[in-house]
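Visitor: Just a sequence and a predicted model for now, questions to come.
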Amino acid sequence: MHPLNPVYTALPTTIFETMSGLARAHGAINLGQGFPDAPPPAALSAAVMRAMADHSQHYPPMAGLPELRDAVAAFYAREQSLDLTRDHVIVTSGATEAVAAAILGVTAPGDEVLLFQPAYDAYAPLVRRAGAMPVFVPLHPPHWTYRRDAIRAAITPRTRAMIVNDPLNPTGTVLDAGQRALLAQIAVAHDLIVICDDVWETVRFDGVTHRSLLAEPGMAARTVKIGSAGKIFGATGWKVGWLVAAPALAAVLAKAHQFLTFTTPPMLQRAVAEGLGDPALIAAQVSDWAASRRVLHEGLAARGFAVLPGPATWFTCIDLPASGIARDDRSVAEALVREAGVATIPLSALWEGAGAPRHSVRLCHAKPAEMLIAALDRMARWRDALERDAKKWEPVFRKKSRENKDSRPECDSI
């Protein structure tokens, strides 16, 4: 047999599939993979049924239904003051497909693409599959900030693009105005296209409306903005996403999209178009997730776990050392799912190369309150058992250390 594609043969199973598989095998509560347990809003489900009854279920236009493209443009005009038309919008089968189309559309073999770590694990394989090279730039905890010197040091004459995820998965952190300006200035100065993975743009709990790099000076023609109905409405299985870019750029991205999934189910597109026109529906979703986030954060604090700052997404990260757990994140995640019955995601799994942060695990808080409380109780019992074991063995270790010291032969001085 001829060799298979090396990008995929060398690729390990994603951490999300690994941890979800362990959760199933051990009957664990799955706070690892990021999805809400609740169904999408009833109004959206009703809209799907109406669309199935009243409209065609055959291939919609490749670029998306005009109704949804118009609704996306209107949504961003209302929420983010962006001046868009349907010609800026290409509908995709989920945001990951949008990321793939964007990478394929803007890069060529031999190009380099800046990726900021920790990063969603699809970016690097998609860049490599396009024949380009990912170049990793570390973000700096605890706020996971972008630093001008680190970015500039990573740029070469072959750098073509950068991928910016805001709010950031897995940390839940958000760009401030200064960070947005910094990234825009670098992109303009070095003639880079910026692929903005903005899928968490509405899932924010800090009271500040999302602003895209698309709105920064000089960025209108060099930004690809990616959105997701799955994240806005908690409908992850629907796989409805979109690309937003200047019409000339969007037309090229559409050519990449047409040979990936070509189209997206029309009944889902119609329902999403209806949902985007209802601000109260979106606000209610965020309110529900804010409530479950409070349950998790208050429960963690009451049980002595330390939370890292992160005002957005469905995710909360625990600071392990500050929570009294002196182990690395991967071993903690493995032990939690096997011994405590709770699946989490270690942050180091979303980092490639040296310097990975090993002090934090990620939990999904978009779950029912009773599930979160049960998981917290299991985690607390597991950590308390660790502490008891450490205290039990501490006198033994001290004794062994003294015995080893006393039995050492004396050495001549050198």
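Guide: Arrived safely, thanks for sending.
Visitor: Report the separation between the closest residue in space to E79 that isn't next to it in sequence and A98.
Guide: Spatial nearest neighbour of E79, chain neighbours left out: T209 (6.6 Å); criterion: CB to CB, 6 or more residues apart in numbering. All C-beta atoms are positioned from the backbone trio N, CA, C, and that covers glycine. Here T209 is placed at a distance of 22 Å from A98 (CB to CB, to the nearest Å).
Visitor: Between the two, which is the more surrounded one?
Guide: A98 (29 against 11; other CB atoms under 10 Å).
Visitor: in what helix or strand does that one lie?
Guide: helix 95-106 (DSSP states H and E).
Visitor: Could you tell me how many residues sit around A326?
Guide: Using other CB under 10 Å: A326 sits among 11 other residues.
Visitor: Could you list which residues are in contact with it?
Guide: L320 (CB atoms under 8 Å, 6 or more residues apart in numbering).
Visitor: Look at it and give its secondary structure.
Guide: Following DSSP: H, G, I helix; E, B strand; the rest coil, A326 is assigned to coil.
Visitor: Next, it: phi, psi?
Guide: phi -90, psi 60 (degrees, to the nearest 10).
Visitor: returning to what we had before: now the element after the helix holding A98, going C-ward?
Guide: That would be, after helix 95-106 and using DSSP H and E, strand 112-117.
Visitor: Provide the contact partners of the next helix or strand after that next one at residue level.
Guide: Later in the chain than strand 112-117, the nearest helix or strand by DSSP H and E is helix 123-129. With CB under 8 Å, 6+ apart as the contact definition, helix 123-129 has outside contacts at 5, 7-8, 11, 99-100, 103, 107, 113, 115, 133-134, 136, 163, 352.
Visitor: how about a cut-off of 7 Å?
Guide: V7, L11, V99, A100, I103, V113, L115, P134, I163, E352 (CB atoms under 7 Å, 6 or more residues apart in numbering).
Visitor: from memory the fifth one sits against A130, does it?
Guide: Yes: counting by CB atoms under 7 Å, a contact exists between I103 and A130, whose distance comes to 5.1 Å.
Visitor: Name the residue in these two with the higher neighbour count.
Guide: I103 (27 against 21).
Visitor: how much space is there between the more buried one and M162?
Guide: 11 Å.
Visitor: Then I90?
Guide: 20 Å.
Visitor: neighbour count winner among those two?
Guide: Each of I90 and M162 has its neighbours counted (other CB under 10 Å); I90 has more, 29 against 26.
Visitor: Chain neighbours aside, what residue packs nearest to the more buried one?
Guide: L243 (4.4 Å).
Visitor: Same question for T14.
Guide: Closest to T14 by CB to CB, 6+ apart is D121, at 5.7 Å.
Visitor: For that neighbour, report the pLDDT, please.
Guide: Looking at D121, its pLDDT reads 93.
Visitor: For it, give me its contacts.
Guide: T14, I15, L350.
Visitor: Please repeat the previous calculation with a cut-off of 8 Å.
Guide: Counted by CB under 8 Å, 6+ apart, D121 has contacts T14, I15, F16, A349, L350.
Visitor: Looking at these, which is nearest T316?
Guide: L350 (15.1 Å; CB to CB).
Visitor: Near that closest one, how many other residues are there?
Guide: 22.
Visitor: and it, what is it in contact with?
Guide: Going by CB under 8 Å, 6+ apart, the list of residues near L350 reads I15, Q117, P118, A119, Y120, D121, P170.
Visitor: Which members of the residues you listed define the maximum pairwise distance?
Guide: Of all pairs in the contacts of L350, the most separated under CB to CB is I15 and Q117 at 14.0 Å.
Visitor: Need the residues touching each of I103 and M162.
Guide: Counting by CB under 8 Å, 6+ apart, the residues touching both I103 and M162 are V113, I195.
Visitor: mind listing the helices for the stretch 201-350 of the chain?
Guide: Using DSSP state H, counting those that start in this stretch, the helices found in the stretch 201-350 of the chain span residues 229-233, 247-258, 266-276, 279-302, 329-335.
Visitor: Among those, which comes closest to T85?
Guide: Comparing these by CB to CB, helix 247-258 comes nearest, at 7.8 Å.
Visitor: quick one: buried residues of the closest one?
Guide: L249, A250, L253, A254, A256, H257 (16 or more other CB atoms under 10 Å).
Visitor: repeat for stretch 329-349
Guide: For stretch 329-349, using 16+ other CB under 10 Å, the buried residues are 329-330, 332-334, 336-337, 340-349.
Visitor: What's the end-to-end length of that stretch?
Guide: 9 Å (CA to CA, to the nearest Å).
Visitor: Could you give the separation of it from the chain centroid?
Guide: 18 Å (CA atoms, centre = their mean, to the nearest Å).
Visitor: Likewise for stretch 311-324?
Guide: The answer for stretch 311-324 is 15 Å, by CA atoms, centre = their mean.
Visitor: Now do the contacts for Q179.
Guide: Q179 sits in contact with T145, Y146, where contact means CB under 8 Å, 6+ apart.
Visitor: Give me the pLDDT for it.
Guide: Reported pLDDT for Q179: 97.
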